[in-house]
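[1] sequence plus predicted model, see below.
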Amino acid sequence: MAWFYLFLAGVLEIVWAFFMKKSSGFTLLVPSAITLVTMIASFALLSVAMRSLPLGTAYTIWTGIGAVGAFTIGVVVLGEMLTPLRLVAAILIVTGIVLMKLSGPSP
């Protein structure tokens, strides 16, 4: 279950990052509220996952999911620039996530 909670926490990190962008510096009520609620939920799920997962593994995977997900949303939804170097960077992050998952014992 810890891996499921960690994955869900990473997805919520993507959601809160997107809505933080849409909040215009926390000046818009609805996107700001969504940001705060999903941020709290993401941290709560991360803390539950860390009960049985190592800190380094859990935190690295959580931030990696958020980083690659936010990058993808930025390119696909917000029209941010996709360059070969940015794509290579995202691939390296995903590779790191996979290696981190494979490097430790499963609870």
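    Alright, I've got the coordinates.
[2] C-alpha from now on. contacts and neighbour counts both.
    OK.
[3] tell me the secondary structure at the residue nearest to the spatial centre of the chain.
    Centre of the chain computed as the mean C-alpha position; nearest residue by CA atoms, centre = their mean is residue 66, 1.7 Å away. Secondary structure for residue 66, judged by DSSP: H, G, I helix; E, B strand; the rest coil, is helix.
[4] quick one: it and residue 8 touch, right?
    No: using CA atoms under 8 Å, residue 66 is not in contact with residue 8; the gap is 10.4 Å.
[5] contacts only, for the residue located most distally from the centre of the chain.
    Distance from the C-alpha centroid of the chain, by CA atoms, centre = their mean, peaks at residue 27 (23.2 Å). Residues in contact with residue 27 (CA atoms under 8 Å, 6 or more residues apart in numbering): none are found.
[6] could you measure from it over to residue 37?
    Using CA to CA, to the nearest Å, residue 27 is found at 16 Å from residue 37.
[7] quick one: residues contacting residue 26.
    Applying CA under 8 Å, 6+ apart, the residues near residue 26 are 20, 32.
[8] and the pLDDT for it?
    You'll see residue 26 listed with a pLDDT of 97.
[9] please tell me how far it sits from residue 32.
    Taking CA to CA, one finds residue 26 at 5 Å from residue 32.
[10] same check on residue 90?
    For residue 90, the distance to residue 32 - CA to CA - is 27 Å.
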